[in-house]
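Participant: one predicted model, sequence on top.
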Amino acid sequence: MKLSQFKQLTDFRWEIEPYGDMRVPGIIFASADLLRQMEDDVGRQLRAVASLPGIRGAALAMPDAHVGYGFPIGGIGVFDPAEGGVISAGGVGFDIACGVRCLRTGLHRDDILTVQEELADTLFAHVPCGVGSTGGIRLSTSEIDDMLKDGAKWAVRNGYGTQADLDHTEEGGRMPGADPSQVSDTAKKRQRDEMGTLGSGNHYLEIQYVEEVFDEKAATAYGLAEGDAVVCIHCGSRGLGHQIGTDYLARMLKAMPRHGIPVTDRELACAPAASELGQDYLGAMRSGINCALANRQIITHLVREAFAEVLPEARLSLIYDVSHNTCKEETHRVDGRERRLLVHRKGATRALPPGHPSLPHEYAKAGQPAFIGGSMGTASYILTGTQTGMDDAFGSICHGAGRAMSRKKAKASFRGREVIEKLHRHGIHIRTSSYKGAAEEAPEAYKDIDMVIDATTGADIASKVTRMRPLVCVKG
DNA sequence: ATGTCC
């Protein structure tokens, strides 16, 4: 993007001042280098979001932002339901509650290295992955409804994990307000055999080690020290979330004339949050959140089973689980007033600052751990929220490296087998169901994660706790 | 992201 269209606020904040239909400014958190790399369409999409009814504060984009369906991925849009504010299926994303959970293992990097190949094979055998993959769990219609209502709580009730896991999951593992009756039978049918599966694309299951600790106190609160091995799981709500997105995009688009919202872009289909359709979507989307939480909980159980076979001394305990594709009702101060607002985070991670009441008590001083996954083979980070991020970004930060190259271009530029062999030479063991997928996920197709993190912390909306490097990666 | 175009 051309920097001249922005008003530079700080080294890492750039504003598009309101013009035309924009109701609020657009603000991009990024370095000048990252902003120059960003597609022009991110600016166009941000201006479109800033023009939607009832938007509050500013339409925001994170340093990892790239073009998405309607809203940018790496975008935040906050709306006031009491004043005509909208909810948008494209503002949440198709993979509802896609997110990352990270577990301590009680093991050191060296413990993994001795069994690296065997562990990679065992994890790949235990956790189904790839497009259309199914698991060993078959749910009846009533079981699906229970799962959609209770999320990871349902999973733990059925033997997949512990109360301690729930205590370290966003919303305690259960998103309230889910209404499975608003989820189509098609969506439920698609999910029937897909619980406990990783999916495809940028989803992964990795064993990583802590390469560097930046914040000793916070790392200690999270139970981590240099050299520790961790497991990170990145996946979402599979076919169910995708179908909810598809169903409600069509319904919202059709209802826009009735709601008096002009259709400037079909991808920006939305409904007043207070309308019947808006409430129906909220009930369905929250069911999708619970599906993703249950899915990551079941995968955690499968990972524990895999470790028990190869490294029985491992003790996998959940540090935290946080989503980066959601719309949540939260209280924020805007224009000097506390309001209940609907916060769309699409490819943006919630990050609570130290002292926030929603934190598990042992993280009260450190703040919420937020997991930022790099591209395949590159570093991942644990960050924590700041009060500035709460005030200026509705408690939201980036979610990953962010694509720099389209999937199509990446597929034409790289060969999956070569990508995997190159990473293997660097000591990273990949197991994948798709070489084509591996080409699309080549590290070179993504932005530099270190640059994204430095821009996020430079803007003071997060602070660094640890950096991790992968040892094993199971990839859809 | 996705039964990657029912």
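Facilitator: Arrived safely, thanks for sending.
Participant: helix, strand or coil for the nearest residue to A:Phe94 once chain neighbours are set aside?
Facilitator: The spatially closest residue to A:Phe94, leaving aside those adjacent along the chain, is A:Gly245, at 4.1 Å (C-beta to C-beta, 6 or more residues apart in numbering). C-beta: built from backbone N, CA, C; applies to glycine. Here A:Gly245 is helix, with the state taken from DSSP: H, G, I helix; E, B strand; the rest coil.
Participant: ok, A:Gly245 to DNA strand B distance?
Facilitator: A:Gly245 sits 7 Å away from DNA strand B, going by C-beta to the nearest atom of the strand, to the nearest Å.
Participant: isn't that residue right next to A:Gly91, touching?
Facilitator: No - with the criterion set as C-beta atoms under 8 Å, A:Gly245 and A:Gly91 do not qualify as a contacting pair; they are 10.5 Å apart.
Participant: of these two, which one has the most company?
Facilitator: Taking other C-beta atoms under 10 Å, A:Gly245 and A:Gly91 do not tie; A:Gly91 has more neighbours (28 against 25).
Participant: and the closest residue to A:Val131 other than its chain neighbours, what pLDDT?
Facilitator: Counting by C-beta to C-beta, 6+ apart, A:Ser200 is the residue found nearest to A:Val131 once chain neighbours are left out, at 4.7 Å. Note for A:Ser200: predicted pLDDT of 96.
Participant: cool, and the one 4 residues further on?
Facilitator: The per-residue pLDDT reported for A:Tyr204 equals 97.
Participant: ramachandran angles for it?
Facilitator: Here is the backbone geometry of A:Tyr204 (degrees, to the nearest 10): phi -160, psi 170.
Participant: surely it touches A:Leu198?
Facilitator: Yes - with contact taken as C-beta under 8 Å, A:Tyr204 and A:Leu198 are classed as touching, separated by 7.3 Å.
Participant: flag every residue of the stretch 301-450 of chain A that's near DNA strand B.
Facilitator: Residues of the stretch 301-450 of chain A found near DNA strand B (C-beta under 7 Å from any atom of the strand) are A:Ser434, A:Gly437.
Participant: just the strands in the stretch 301-450 of chain A please.
Facilitator: A:317-323, A:325-334, A:337-346, A:349-350, A:369-372, A:380-385, A:396-397, A:429-432 (DSSP state E, counting those that start in this stretch).
Participant: so what does the first one touch, helix or strand wise?
Facilitator: With contacts defined as 3 or more C-beta pairs under 8 Å, 6 or more residues apart in numbering; DSSP states H and E, the packing partners of strand A:317-323 are strand A:99-108, helix A:163-167, helix A:276-310, strand A:349-350, strand A:369-372.
Participant: tell me the mean pLDDT over it?
Facilitator: Averaged over strand A:317-323, pLDDT sits at 98.
Participant: any idea how far A:Glu117 is from A:Gly75?
Facilitator: Here the criterion is C-beta to C-beta, to the nearest Å. By it, A:Glu117 lies 40 Å from A:Gly75.
Participant: check A:Pro353 too.
Facilitator: Taking C-beta to C-beta as the measure, A:Pro353 and A:Gly75 are separated by 21 Å.
Participant: quick one, which of those two is more surrounded?
Facilitator: A:Gly75 (28 against 21).
Participant: please list all residues in contact with the more buried one.
Facilitator: A:45-46, A:49, A:59-62, A:65, A:68, A:91, A:344, A:346-348 (C-beta atoms under 8 Å, 6 or more residues apart in numbering).
Participant: next step: those restricted to strands.
Facilitator: A:Ala59, A:Leu60, A:Ala61, A:Met62, A:Ala65, A:His344, A:Lys346 (DSSP state E).
Participant: doesn't A:Val49 make contact with the first one?
Facilitator: Yes - applying C-beta under 8 Å, one finds A:Ala59 in contact with A:Val49, separated by 4.1 Å.
Participant: common neighbours of those two, please.
Facilitator: A:Gly26, A:Gly75, A:Gly77.
Participant: in three-state terms, label the second one for me.
Facilitator: Under the three-state scheme (three-state DSSP), the conformation of A:Gly75 reads as strand.
Participant: how close does the residue positioned nearest the centre of chain A get to A:His361?
Facilitator: Using C-alpha atoms, centre = their mean, the residue of chain A that lies closest to the mean C-alpha position is A:His324, 2.7 Å off. Taking C-beta to C-beta as the measure, A:His324 falls 24 Å from A:His361.
Participant: over to A:Met390?
Facilitator: When C-beta to C-beta is applied, the distance between A:Met390 and A:His361 equals 19 Å.
Participant: more neighbours: which of these two?
Facilitator: More neighbours sit around A:Met390 than around the other of A:Met390 and A:His361, counting by other C-beta under 10 Å; the figures are 20 against 7.
Participant: quick one: that one and A:Pro353 touch, right?
Facilitator: Yes - applying C-beta under 8 Å, one finds A:Met390 in contact with A:Pro353, separated by 5.2 Å.
Participant: anything in contact with each of those two?
Facilitator: Between them, A:Met390 and A:Pro353 have no joint contacts when contacts are counted by C-beta under 8 Å, 6+ apart.
Participant: next up, the contacts around the closest residue in space to A:Arg315 that isn't next to it in sequence.
Facilitator: Using C-beta to C-beta, 6+ apart and skipping residues adjacent in sequence, the residue nearest A:Arg315 is A:Gly106, 4.0 Å away. Neighbour list for A:Gly106: A:Glu313, A:Ala314, A:Arg315, A:Leu316, A:Ser317 [criterion: C-beta under 8 Å, 6+ apart].
Participant: check the gap between A:Gly106 and DNA strand B for me.
Facilitator: For A:Gly106 relative to DNA strand B (C-beta to the nearest atom of the strand), the value is 30 Å.
Participant: how far away is that residue from A:Phe307?
Facilitator: 10 Å.
Participant: enumerate the residues of the stretch 101-250 of chain A near DNA strand B.
Facilitator: Residues of the stretch 101-250 of chain A lying near DNA strand B by C-beta under 7 Å from any atom of the strand: A:130-132, A:186, A:190, A:194, A:199-203, A:235-236, A:238-239, A:242-243.
Participant: in strands only, show me those residues.
Facilitator: Among those, the members found in strands (DSSP E) are A:Cys235.
Participant: please name the nearest non-neighbouring residue to the residue of the stretch 301-450 of chain A found nearest DNA strand B.
Facilitator: Closest to DNA strand B within the stretch 301-450 of chain A is A:Ser434: 5.9 Å, counting by C-beta to the nearest atom of the strand. Nearest in space to A:Ser434, with sequence neighbours left out and distances taken as C-beta to C-beta, 6+ apart, is A:Gly130 at 6.0 Å.
Participant: what sits in contact with each of A:Tyr204 and A:Leu198?
Facilitator: Listed contacts common to A:Tyr204 and A:Leu198 are A:Ile233, A:Cys235, A:Val474, A:Gly476; contacts here mean C-beta under 8 Å, 6+ apart.
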